[in-house]
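For reference, the sequence and a predicted model appear below.
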Amino acid sequence: MELELKRTYFPNGCNGSIYRGETFICHTIELPWKENHRSTSCIPEGRYELQKRYSPKFKWHLIVKGVEGRSVILIHPANDALKELRGCIAPVSTLTAEGKGLLSKNALTRLMAVVYAALLKEQVFITIKSVTHDDHSKAERAYSQVF
(Lines give C-alpha, C1' and ligand atoms only; values in the text may rest on other atoms or scores of the structure.)
Protein backbone atom coordinates (compact mmCIF):
# COMPACT_ATOMS: atom_id res chain seq x y z
CA MET A 1 0.00 0.00 0.00
CA GLU A 2 1.15 3.51 -0.77
CA LEU A 3 0.44 6.56 1.39
CA GLU A 4 1.38 10.14 0.62
CA LEU A 5 2.26 12.86 3.13
CA LYS A 6 1.91 16.29 1.55
CA ARG A 7 3.97 18.71 3.66
CA THR A 8 4.19 22.51 3.90
CA TYR A 9 7.26 24.09 5.49
CA PHE A 10 7.03 26.93 8.00
CA PRO A 11 9.65 28.52 10.31
CA ASN A 12 8.11 26.94 13.43
CA GLY A 13 7.23 23.53 12.03
CA CYS A 14 5.79 21.58 9.14
CA ASN A 15 2.11 20.90 8.60
CA GLY A 16 1.00 18.06 6.42
CA SER A 17 -1.80 15.76 5.36
CA ILE A 18 -1.68 12.00 4.77
CA TYR A 19 -3.65 10.47 1.92
CA ARG A 20 -4.26 6.99 0.59
CA GLY A 21 -4.86 7.75 -3.06
CA GLU A 22 -7.42 10.55 -3.02
CA THR A 23 -8.70 9.61 0.45
CA PHE A 24 -7.69 11.94 3.28
CA ILE A 25 -6.64 10.12 6.47
CA CYS A 26 -5.29 12.79 8.83
CA HIS A 27 -3.13 15.88 9.19
CA THR A 28 0.44 15.82 10.52
CA ILE A 29 2.83 18.08 12.37
CA GLU A 30 6.62 17.92 12.35
CA LEU A 31 9.66 19.96 13.31
CA PRO A 32 10.84 22.57 10.78
CA TRP A 33 13.40 21.60 8.13
CA LYS A 34 16.94 22.01 9.50
CA GLU A 35 19.02 20.06 6.98
CA ASN A 36 18.03 16.67 8.48
CA HIS A 37 19.84 17.39 11.77
CA ARG A 38 19.09 14.71 14.35
CA SER A 39 16.47 15.67 16.98
CA THR A 40 15.88 19.18 15.54
CA SER A 41 14.69 18.61 11.97
CA CYS A 42 11.91 16.87 10.11
CA ILE A 43 13.11 14.04 7.88
CA PRO A 44 13.89 14.58 4.18
CA GLU A 45 11.28 14.14 1.49
CA GLY A 46 11.29 10.66 0.01
CA ARG A 47 9.69 7.21 0.10
CA TYR A 48 9.90 5.20 3.32
CA GLU A 49 8.58 1.90 4.60
CA LEU A 50 6.21 1.94 7.59
CA GLN A 51 6.11 -0.84 10.18
CA LYS A 52 4.16 -1.27 13.38
CA ARG A 53 6.03 -0.83 16.64
CA TYR A 54 5.37 -1.01 20.37
CA SER A 55 7.06 0.89 23.18
CA PRO A 56 6.06 1.44 26.80
CA LYS A 57 5.98 5.21 26.22
CA PHE A 58 3.81 5.37 23.07
CA LYS A 59 2.17 1.89 23.14
CA TRP A 60 1.34 0.79 19.55
CA HIS A 61 2.47 3.25 16.88
CA LEU A 62 4.46 3.27 13.62
CA ILE A 63 8.15 3.44 12.76
CA VAL A 64 9.52 5.01 9.56
CA LYS A 65 12.28 2.82 8.13
CA GLY A 66 15.19 3.77 5.88
CA VAL A 67 15.67 7.45 6.74
CA GLU A 68 19.23 8.26 5.71
CA GLY A 69 21.39 9.41 8.61
CA ARG A 70 18.58 8.94 11.14
CA SER A 71 17.14 6.15 13.26
CA VAL A 72 14.02 5.51 15.34
CA ILE A 73 11.84 7.96 13.42
CA LEU A 74 8.35 7.30 14.74
CA ILE A 75 4.79 8.27 13.98
CA HIS A 76 3.35 8.88 17.43
CA PRO A 77 0.92 11.24 19.16
CA ALA A 78 1.93 14.86 19.86
CA ASN A 79 0.14 18.20 19.57
CA ASP A 80 3.13 20.61 19.55
CA ALA A 81 6.11 19.72 17.34
CA LEU A 82 8.65 22.01 19.01
CA LYS A 83 7.78 20.77 22.50
CA GLU A 84 7.03 17.08 21.89
CA LEU A 85 8.91 15.87 18.78
CA ARG A 86 12.56 15.07 18.12
CA GLY A 87 12.33 14.36 14.40
CA CYS A 88 9.25 12.16 14.44
CA ILE A 89 5.87 12.70 12.74
CA ALA A 90 2.70 13.29 14.74
CA PRO A 91 -0.73 12.75 13.20
CA VAL A 92 -3.32 15.32 14.31
CA SER A 93 -7.04 15.72 13.67
CA THR A 94 -6.92 19.51 13.26
CA LEU A 95 -4.08 21.88 12.39
CA THR A 96 -4.04 24.93 14.68
CA ALA A 97 -0.73 26.67 13.85
CA GLU A 98 2.72 25.98 12.42
CA GLY A 99 3.71 22.60 13.85
CA LYS A 100 0.68 22.47 16.14
CA GLY A 101 -2.57 20.52 16.13
CA LEU A 102 -5.29 18.88 18.19
CA LEU A 103 -6.55 15.37 18.97
CA SER A 104 -3.38 13.56 17.97
CA LYS A 105 -4.32 10.25 19.60
CA ASN A 106 -7.56 10.16 17.59
CA ALA A 107 -5.67 10.81 14.35
CA LEU A 108 -3.08 8.13 15.17
CA THR A 109 -5.86 5.61 15.80
CA ARG A 110 -7.38 6.44 12.39
CA LEU A 111 -3.99 6.12 10.63
CA MET A 112 -3.06 2.89 12.42
CA ALA A 113 -6.37 1.28 11.46
CA VAL A 114 -5.53 1.81 7.79
CA VAL A 115 -1.86 0.82 8.05
CA TYR A 116 -2.24 -2.18 10.35
CA ALA A 117 -4.98 -3.68 8.16
CA ALA A 118 -2.77 -3.32 5.08
CA LEU A 119 0.28 -4.78 6.86
CA LEU A 120 -1.57 -8.09 7.21
CA LYS A 121 -1.18 -8.62 3.46
CA GLU A 122 1.46 -6.22 2.10
CA GLN A 123 4.22 -3.74 2.82
CA VAL A 124 3.22 -0.13 3.46
CA PHE A 125 5.15 2.85 2.16
CA ILE A 126 4.77 6.58 2.67
CA THR A 127 6.04 9.18 0.22
CA ILE A 128 6.72 12.59 1.72
CA LYS A 129 6.65 15.59 -0.60
CA SER A 130 6.11 19.33 -0.34
CA VAL A 131 2.99 21.24 -1.33
CA THR A 132 1.71 24.79 -0.92
CA HIS A 133 -0.24 26.21 2.03
CA ASP A 134 -3.36 26.49 -0.18
CA ASP A 135 -3.41 22.69 -0.68
CA HIS A 136 -3.56 22.20 3.10
CA SER A 137 -6.39 24.71 3.42
CA LYS A 138 -8.37 22.72 0.86
CA ALA A 139 -7.74 19.47 2.75
CA GLU A 140 -8.78 21.06 6.05
CA ARG A 141 -12.06 22.30 4.52
CA ALA A 142 -12.78 18.89 2.95
CA TYR A 143 -12.08 17.10 6.24
CA SER A 144 -14.29 19.43 8.29
CA GLN A 145 -17.18 18.86 5.85
CA VAL A 146 -16.95 15.09 6.37
CA PHE A 147 -16.61 15.16 10.18
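Cool, the structure landed. This structure is a prediction, so every number in the text was calculated from the model and none was measured. Numbering: from 1, shown residues only.

Looking at this structure, which helix is longest?
The residue-count maximum for a helix in the chain (DSSP state H) belongs to helix 104-119.

Quick one: mean pLDDT for that one?
Mean per-residue pLDDT for helix 104-119: 97.

Compute the inter-axis angle for the helix or strand just after that helix and helix 104-119.
Following helix 104-119 in sequence order, the next helix or strand is strand 124-130 (DSSP states H and E). Relative orientation of strand 124-130 and helix 104-119, computed by axes from the mean of the first three to the mean of the last three Cα atoms, to 10 degrees: 130 degrees.

Okay, now the sheet partners of strand 124-130, with direction.
Applying DSSP bridges, strand 124-130 is found paired with strand 2-10 (parallel), strand 46-55 (antiparallel).

would CSV of those strands with mean neighbour count be doable?
Heads up, the C-betas are built off the backbone N, CA and C, glycines and all. Formatted as CSV, these follow (neighbours: other Cβ atoms under 10 Å):
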stretch, mean neighbour count
strand 2-10, 19
strand 46-55, 14
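
Go through those and name the closest to Trp33.
Comparing these by their distance to Trp33 (Cβ to Cβ), the top pick is strand 2-10, with 5.4 Å.

Give me the contact list for the closest one.
Under the contact criterion Cβ atoms under 8 Å, 6 or more residues apart in numbering, strand 2-10 has outside partners 14-20, 25, 28, 30, 32-33, 42, 45, 50, 89, 98-99, 114-115, 124-133, 135-136, 139.

Now list the buried members of those.
14-20, 25, 28, 30, 32-33, 42, 50, 89, 98-99, 114-115, 124, 126, 128, 131, 136, 139 (16 or more other Cβ atoms under 10 Å).
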